[in-house]
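> any chance you can model this:
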Amino acid sequence: MNGLTRPRLGWRLAVLALLAACHGKPGVLAVPGGPLPPCPSSPNCVSTEATDEGHRMAAVSFTGDATAAQAAARAALLAEPRTRVVLEQPGYLRAEATSRLFRFVDDVEIVVDTANRVYRFRSASRLGKGDMGVNRARMTRIAARLGAP
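As a prediction, this is how the structure comes out:
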């Protein structure tokens with residue numbers, strides 16, 4: 001290898017290692033049928049069950065039956081770019097949303113709460129502390145698709 005090739009190779013390996021680390025493992029997630037986990041103190045999470053204004057978002061009401069509500073939640077999730085549903089059970093959806101440039105993965109959960117006739121949700125980054133408002137913006141778009149004013 002010549003002197004120019006070795007630094008380029010090292011740089012590429014460093015970038016690949018960083019990108020591999022961006023995927024991370026999911027943090028604390030809900031157990032289907034249970035409550036959504038609380039947001040961490042970092043600002044990269046929003047939830048309808050959060051009590052502080054920095055993390056809180058309003059739940060979204062729905063009408064109709066549970067099957068139609070679940071289908072609407074699934075469609076709202078999949079309308080987001082680079083988002084895939086990784087677990088679906090009656091009343092619960094879990095998805096992974098991947099950022100375009102650095103391939104960071106955020107975990108998105110939606111509960112179809114038939115007892116209260118609302119969608120409850122949580123979206124959180126797997127890594128880092130800040131997200132530049134990405135999780136809130138995502139859930140605002142999804143809430144709008146689900147009929148939020």
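
> please identify the helix or strand for the residue nearest the centre of the chain.
Geometric centre of the chain, nearest residue: Val108, 2.7 Å, by CA atoms, centre = their mean. Per DSSP states H and E: Val108 is located in strand 105-113.

> quick one, the helix or strand just after that strand and strand 105-113 angle?
Heading C-terminal from strand 105-113, the first helix or strand you meet, by DSSP H and E, is strand 118-125. For strand 118-125 against strand 105-113, the angle by axes from the mean of the first three to the mean of the last three CA atoms, to 10 degrees is 170 degrees.

> tell me what angle the helix or strand following strand 118-125 forms with strand 118-125.
Going down the chain from strand 118-125, the next helix or strand is helix 134-145, by DSSP H and E. Inter-element angle recorded for helix 134-145 and strand 118-125: 160 degrees (by the same axes, to 10 degrees).

> was I right to think Cys45 contacts Arg56?
No - with contact defined as CB atoms under 8 Å, Cys45 and Arg56 do not form a contacting pair (10.5 Å). The C-beta positions use only the backbone N, C-alpha and C, and glycine is treated the same way.

> which of those two has more neighbours?
Neighbour count, other CB atoms under 10 Å: between Cys45 and Arg56, Cys45 has more, with 23 against 13.

> ok, the more buried one - contacts?
Residues near Cys45 by CB atoms under 8 Å, 6 or more residues apart in numbering: 39, 55, 122-125, 135.

> same question for Ser123.
Under the criterion of CB under 8 Å, 6+ apart, the contact list for Ser123 reads 45-47, 97, 106-109, 135-136, 138-139.

> equivalent analysis for Glu80, please.
By CB under 8 Å, 6+ apart, Glu80 lies in contact with 97, 138, 141-142.

> who wins for most neighbours among the residues you listed?
Neighbour max across the contacts of Glu80 (other CB under 10 Å) = Ile142, 24 neighbours.
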